[in-house]
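> coords below, sequence missing:
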């Protein structure tokens with residue numbers, strides 16, 4: 001898993017989704033141990049060794065006890081707690097969702113797009129789907145409480161943080177990546193339509 005996810009992180013960086021040293025990623029191994037990306041790593045050069053094990057409180061553990069994990073580790077931990085079947089969590093700073101989140105309020109709606117079916121469980125482009133937008137916060141405990149309050153809105157394995165970026169997850173690396181790319185594509189389409197109107 002480490003090598004595969006590291007490659008995807010480098011690929012996402014090539015799309016421009018990880019400016020500077022931003023974004024963070026995690027996975028749950030076969031023993032149920034959480035691994036998260038270390039803080040401050042340039043995603044263009046991200047390697048398998050740039051993951052670290054963490055405690056349930058988001059601190060480094062074992063050989064990584066003195067290593068700093070991503071600042072947003074508690075967001076990852078909350079996703080795994082809310083959705084225990086989750087195996088991978090991906091975070092992106094792609095431009096489309098960030099900009100669109102500044103134009104919308106508490107959610108963004110999509111309808112009529114074929115790629116909506118990229119979300120697990122979606123079988124028709126005719127359905128209207130809602131993706132939650134959560135206010136940005138530096139206080140991760142506060143942010144976790146907002147996630148708890150809005151859990152029932154996380155129907156499509158993703159959400160947007162206003163002016164910040166997206167989180168997407170899945171029961172496999174492939175599924176998490178599909179959810180992340182689906183959300184990015186839909187946001188880009190919505191923004192393009194807004195320009196036409």
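Yep, it's here. What you are looking at is a predicted structure, and each value in this text was computed from that prediction instead of being measured.
> okay, strands next: where are they in this protein?
Counting by DSSP state E, residue ranges of the strands within the chain are 25-28, 34-37, 51-53, 88-92, 107-111, 128-134, 158-161, 165-170.
> could I get these as a markdown table with mean neighbour count?
Glycine gets a C-beta too; all of them are placed from N, C-alpha and C. Supplementary listing: the strands of the chain in a markdown table, determined by neighbours: other CB atoms under 10 Å:
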| stretch | mean neighbour count |
| --- | --- |
| strand 25-28 | 24 |
| strand 34-37 | 23 |
| strand 51-53 | 22 |
| strand 88-92 | 26 |
| strand 107-111 | 16 |
| strand 128-134 | 19 |
| strand 158-161 | 24 |
| strand 165-170 | 25 |
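> nearest to residue 186, of the ones you listed?
Nearest of those to residue 186, taken as CB to CB: strand 107-111 at 5.0 Å.
> partners of that closest one in the sheet?
Within its sheet, strand 107-111 is paired with strand 128-134 (antiparallel), according to DSSP bridges.
> tell me the angle the partner strand makes with strand 165-170.
With axes from the mean of the first three to the mean of the last three CA atoms, to 10 degrees applied, the angle from strand 128-134 to strand 165-170 works out at 120 degrees.
> excluding chain neighbours, what is closest to residue 179?
Excluding its sequence neighbours, the residue lying closest to residue 179 (CB to CB, 6 or more residues apart in numbering) is residue 168, at 4.1 Å.
> so how far is residue 183 from the one you found?
Distance check for residue 168 against residue 183: by CB to CB, to the nearest Å, it reads 6 Å.
> phi first, then psi, for the closest residue to residue 50 other than its chain neighbours.
Distances taken as CB to CB, 6+ apart place residue 41 nearest to residue 50, at 4.8 Å, with adjacent residues excluded. Residue 41 adopts backbone torsions of phi -90, psi 130, taken as degrees, to the nearest 10.
> in this structure residue 41 contacts residue 22, no?
No: with contact defined as CB atoms under 8 Å, residue 41 does not count as touching residue 22 (10.3 Å).
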